[in-house]
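S.K.: Quick one: sequence and predicted model below, then my questions.
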Amino acid sequence: MARYVKPTLDTKFHIDFDWWQQRRQNLRVYLYSHLCPECRVKYADSPPEEIDWVSPDTGEVRRVDILWHVIRTHCSQQPDYITDHTPLTAAVFRIFLANDNTPLTPAGLHQILGRKSPSLILRTIGGHQIYKGIRPVSTPVRRRAKKAA
Ligand SMILES: [Zn+2]
């Protein structure tokens, strides 16, 4: 089990795909709930489809649900994507959907949201309970054996 490291204001968060891996069907349902009204109609009966997604952060390639792509390229461009009435955790999730899951600190999230203090955001998403896969970016220890020349 991974050691729990208490996140700080400098900790970068993102949506952890591994967390969702065993919950793929639920992810689709959850993503669907973030679609704009127009896309909800459009994708109501569409079969699940996955596309390649390249992490802008690490270059890693993943299969992601096409709804993620739809939200990023269409729904997140709508003016009411995130409003003052969007619950904080949902708003944070929507920020990561829209920014291609680029890791952000609580301060960075605060800047985009324009409301709630960084420390409140940290308390909300930085606890032991993981909300919708939003968790600190883990930095794996890379042990690449150097080949003798
Ligand atoms: Zn849309």
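M.R.: Okay, I see it. Numbers count the residues shown, from 1 in each chain.
S.K.: how about C39, what does it touch?
M.R.: When the contact criterion is CB atoms under 8 Å, 6 or more residues apart in numbering, the partners of C39 are 70-71, 74-75. In this view, the C-beta of every residue, glycine as well, is placed from N, C-alpha and C.
S.K.: switch to 10 Å and redo it
M.R.: By CB atoms under 10 Å, 6 or more residues apart in numbering, the contact set of C39 is 32, 67, 70-71, 74-75, 78.
S.K.: Now it: which helix or strand?
M.R.: With elements delineated by DSSP states H and E, C39 resides in helix 37-42, which encompasses its position.
S.K.: what about that helix, distance to the chain center?
M.R.: On the basis of CA atoms, centre = their mean, to the nearest Å, helix 37-42 is displaced by 21 Å from the centre of the chain it belongs to.
S.K.: Could you check that helix and say which residues are buried?
M.R.: For helix 37-42, the neighbour count (16 or more other CB atoms under 10 Å) marks C39 as buried.
S.K.: After it, which helix or strand is next?
M.R.: Read in the C-terminal direction, the helix or strand following helix 37-42 is strand 50-54, with elements assigned using DSSP H and E.
S.K.: Would you mind writing the CA trace of that following strand as PDB?
M.R.: Output for strand 50-54, consisting of C-alpha atoms alone and laid out as PDB, is shown next (Å, rounded to 0.1, in the frame of the first residue of the first chain):
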ATOM      1  CA  GLU A  50     -12.700   5.100 -25.900                       C
ATOM      2  CA  ILE A  51     -10.000   7.200 -27.500                       C
ATOM      3  CA  ASP A  52      -6.300   7.700 -27.000                       C
ATOM      4  CA  TRP A  53      -5.400  10.500 -24.600                       C
ATOM      5  CA  VAL A  54      -1.900  11.800 -24.300                       C
END
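S.K.: longest single helix anywhere in this structure?
M.R.: If you go by DSSP state H, the chain has its longest helix at helix 88-98.
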